[in-house]
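1. Pasting a predicted model and its sequence here:
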Amino acid sequence: MKEQKEQVTKTISQEEFLNIKSQYSTLAKNKQKEEKLNAKILEQIKAVEKAEGELLKERVKLAKLLAEKEKLNAFTKQDSPKQEKQEVKEAVND
């Protein structure tokens with residue numbers, strides 16, 4: 001009877017050990033998956049930040065070009081009446 005009790009206790013202990021070992025293995029695998037996913041997420045964040053930086057540079061270039069366009073438009077508008085007056089004078093003198 002005593003031997004049977006010890007046998008049952010050993011069997012339960014082995015089953016518990018195998019269960020715990022299986023759970024630990026599962027946790028370790030999940031941890032590795034989590035670390036891989038975190039690494040991928042960090043890569044994506046870096047890629048997004050790089051793209052945002054490039055976008056910001058392009059916006060600055062665009063703003064400069066638009067400012068230059070406005071200056072040219074203003075210059076052209078100023079120059080147009082003078083040019084027209086000059087053409088009128090030349091036509092009258094001919």
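-> Right, received. Where do you want to start? Residues are numbered from 1 along each chain as shown.
2. in which helix or strand would I find residue 9?
-> In this assignment (DSSP states H and E), residue 9 forms part of helix 2-93.
3. Show me what that helix is packed against.
-> Judged by 3 or more C-beta pairs under 8 Å, 6 or more residues apart in numbering; DSSP states H and E, helix 2-93 is in contact with no other helix or strand. Where C-beta positions appear, they are placed from N, C-alpha and C, glycine not excepted.
4. starting at the chain centroid, how far to that helix?
-> With C-alpha atoms, centre = their mean, to the nearest Å as the basis, helix 2-93 stands 0 Å off its chain's centre.
5. and that helix, what's its mean pLDDT?
-> Averaging pLDDT along helix 2-93 yields 86.
6. residue closest to the middle of this protein?
-> When C-alpha atoms, centre = their mean is applied to the chain, the residue found nearest the centroid is residue 48 (1.4 Å).
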